[in-house]
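S.K.: Starting from these lines, generate the structure:
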Amino acid sequence: MPESAAEIDRLFAAARSGSRDALGSALELCRQYLLAVANRQLNPALQAKGGASDIVQQTFLEAQRDFGQFRGDTVEELQAWLKHLLLNNAADFARGFQNTDKRRLDREVGLPGGTSDAGGDLAGDTPTPSVDAMAEEQAAKVRRALDTLPDDYRQVIVWRYQEERSFAEIAERMGRSENAVRKLWFRAIERLEQELGGSIDGR
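M.R.: All right, here's what the predicted structure looks like:
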């Protein structure tokens, strides 16, 4: 990993000239810092979902896309810029998880008194048919996009998101290093977003 100021200057110059490898190396300088920030931001229950590493990877995706907006020249300035992106992603991740978690049937609890008839005074929390239809339409769109991806891209996304496997588990399954799997996942998400015509979370 580069350490000298001159080497960091060279990395930033190459990244601004369009070198994705140089940008990737510059971002890697900030990975541990961003993981620490993400872990501080997230509820422990979300950390168990692998949330911190996912948020850092999402932040790196956005940094790759928007690096032209970065005007700094030091690692500290890069960290500050990335931290701003990461905090937004962490907030989105927490909101999305909470909204999904509220709809899980296995988390439903009965009303006090054991009655199943809530009467007409409580507002229903069940999604409307139109909301269900939109959710199914989006899910179908994602499935179609997944079907267009190369097999290894599709597999790493399925294992990571649908089966909630760790990068270490996926690496063992694929016979690759954990770092190689992280890079594969990064490229797979980037390709999936291209197929969907925008970011996966709709931003």
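
S.K.: low-confidence ranges in the protein?
M.R.: 1-3, 43-51, 94-139, 198-203 (pLDDT under 70).

S.K.: Can you list the residue ranges for helices in the protein?
M.R.: 5-16, 20-28, 31-41, 44-47, 51-66, 75-102, 129-147, 151-157, 167-174, 178-196 (DSSP state H).

S.K.: Pick the most buried one from the ones you listed.
M.R.: Highest mean neighbour count of those: helix 51-66, a mean of 20 (counted as mean count of other CB atoms under 10 Å). Glycine gets a C-beta too; all of them are placed from N, C-alpha and C.

S.K.: tell me what it is packed against?
M.R.: helix 20-28, helix 31-41, helix 75-102, helix 178-196 (3 or more CB pairs under 8 Å, 6 or more residues apart in numbering; DSSP states H and E).

S.K.: would CSV of the ones you listed with distance to residue 9 be doable?
M.R.: Converted to CSV, the helices and strands packed on helix 51-66 look like this (distance: least, CB to CB, whole Å):
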stretch, distance to residue 9
helix 20-28, 11
helix 31-41, 19
helix 75-102, 11
helix 178-196, 25
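
S.K.: Compare the ones you listed and give me the one nearest residue 168.
M.R.: Closest approach to residue 168 among the helices and strands packed on helix 51-66 is made by helix 178-196 (5.5 Å; CB to CB).

S.K.: And the contacts of that closest one?
M.R.: Residues outside helix 178-196 that contact it (CB atoms under 8 Å, 6 or more residues apart in numbering) are 57-58, 60-61, 64, 141-142, 145-146, 148-149, 152-154, 156-157, 160, 167-168, 170-171, 174, 176, 199-200.

S.K.: ok, now stretch 150-164?
M.R.: 49-50, 146-147, 149, 165, 167, 169-170, 173-174, 181, 184-185, 187-189, 191-192.

S.K.: for that stretch, how far is the first residue from the last?
M.R.: Stretch 150-164 stretches 20 Å from its first residue to its last (CA to CA, to the nearest Å).

S.K.: Against residue 167, how distant is residue 182?
M.R.: Distance of residue 182 to residue 167, computed by CB to CB, to the nearest Å: 6 Å.

S.K.: And residue 25, by the same measure?
M.R.: Separation of residue 25 from residue 167 (CB to CB) stands at 19 Å.

S.K.: again with residue 190
M.R.: Taking CB to CB, one finds residue 190 at 17 Å from residue 167.
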